[in-house]
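**Q** structure for the following, please:
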Amino acid sequence: MANPSNAPFLSWILWVTRFSLCLAALIAASVFDLAQREVPDVLWAVMAPPMALLTALWLLKNPEYAQLALLSILLAALLAALIYYTGLMGGADAKALVVVALACPLNGPWAFLPGHPFTPLATFSNALVLSVLMAICLFIRNLAWKAKTGLPLFEGLRAPLAVKALVLLTGFKMRSQEVLKGRKHVFPLEVVREDGSREVAIALKIDALYERLDELRKIGDSALLPDYIWVSPGLPMIVFITAGFLFACFLGDLLFSAILALIRALLA
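**A** Predicted coordinates for the structure are as follows:
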């Protein structure tokens, strides 16, 4: 007969194993995402089943968490479907959230910030917060480019002031020929028309970004193409998801905790 005193230790071992496997899968996906902007489906197909099995074993030993864990997996699946079918993120990003839900649906023993117990939701929320750091870096880069070259940032471009402000946080100027060569994973933020007019616009859907890149390549070396155009680096979101997962496991939901602290301060 098993010793009941071993149950907490076994649960802890199961959690560490699930966490380690999930982190390994996310790191591998991040490497693919950075190098190719594409993650092979075989990675998720190989890693997801053992993580789901370990989670099932953990729930058998801790049935009191079953309802919350199933709710977490359901919410993660709905969120993944939403961001995928709206085109806001790629399929790999959606699959990463589902894998996180299967491996670690609920907070582990180290998360100490007050908030909800759902690891995949905290992972996604943290990823969005951390991606803001990219926006700050891009803004500084654009200011440095203007100071270095002395060129205007939006010469000959039509766009509302709000769009221009958003472009400063999501893109940067790059030589047109480098974009056409495709040596870097970037997407045009400019639309160049046949009459020579240019417009800067934000495209939320990934498919639209690829279409815009194809249209730019059709123009090729014509005089319509300026020396520099605005491009988006195509955020490697899985990198942020990986970091967000670590923060979720060891801290919690950063944004939710901040909002909760603000509400408590206002009501105090």
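
**Q** doesn't Lys148 lie inside a strand?
**A** No - going by DSSP: H, G, I helix; E, B strand; the rest coil, the assignment for Lys148 is helix, not a strand.

**Q** next, count neighbours for the nearest residue to Leu189 once chain neighbours are set aside.
**A** Of all residues not flanking Leu189 in the chain, Trp230 sits nearest, at 4.0 Å (C-beta to C-beta, 6 or more residues apart in numbering). Bear in mind the C-beta positions are built from the backbone N, C-alpha and C, glycine included. By other C-beta atoms under 10 Å, 27 other residues sit near Trp230.

**Q** can you pull out the low-pLDDT segments for the stretch 101-250 of the chain?
**A** Within the stretch 101-250 of the chain, the stretches with pLDDT under 70 are 182-184, 194-197, 201-210, 218-224, 234-235.

**Q** where's the closest residue in space to Cys104 that isn't next to it in sequence relative to Leu133, distance?
**A** Distance criterion C-beta to C-beta, 6+ apart; nearest residue to Cys104, sequence neighbours excluded, is Thr119 at 4.5 Å. Thr119 sits 21 Å away from Leu133, taking C-beta to C-beta, to the nearest Å as the criterion.

**Q** quick one: His185 is in a strand?
**A** No - per three-state DSSP, His185 lies outside any strand segment and is coil.

**Q** verify the stated contact: the residue nearest to Leu189 with Gly171.
**A** Yes - with contacts defined as C-beta atoms under 8 Å, Trp230 counts as touching Gly171 at a distance of 4.8 Å.

**Q** any shared contact partners between these two?
**A** Leu189 (C-beta atoms under 8 Å, 6 or more residues apart in numbering).

**Q** tell me the pLDDT of Leu251.
**A** According to the prediction, Leu251 has pLDDT 90.

**Q** Lys173 belongs to a helix?
**A** No - counting by three-state DSSP, Lys173 is not found in a helix; it is strand.

**Q** so who does the closest residue to it other than its chain neighbours touch?
**A** Counting by C-beta to C-beta, 6+ apart, Lys173 lies nearest to Tyr228, which is 4.6 Å off, once chain neighbours are set aside. Contacts were defined as C-beta under 8 Å, 6+ apart; by that measure Tyr228 touches Leu151, Lys173, Met174, Arg175, Ser176.

**Q** spatially central, which residue of the protein would that be?
**A** Among the residues of the chain, the one closest to the centroid is Met237, at 2.7 Å (C-alpha atoms, centre = their mean).

**Q** how far away is that residue from Ile263?
**A** 29 Å.

**Q** what are the phi and psi values at the residue nearest to Leu189?
**A** Per-residue torsions, Trp230: phi -80, psi 130 (degrees, to the nearest 10).

**Q** tell me how far it lies from Glu199.
**A** Distance from Trp230 to Glu199, by C-beta to C-beta: 10 Å.

**Q** same question for Ala101.
**A** Taking C-beta to C-beta, one finds Ala101 at 40 Å from Glu199.

**Q** returning to that earlier point: mind checking how far the residue nearest to the centre of the chain is from Gly90?
**A** Relative to Gly90, Met237 is positioned 7 Å away (C-beta to C-beta).

**Q** same question for Phe139.
**A** Phe139 is 24 Å from Gly90, by C-beta to C-beta.

**Q** who has more neighbours out of the two?
**A** Neighbour totals were compared for Phe139 and Gly90, and Gly90 leads with 20 against 15 (other C-beta under 10 Å).
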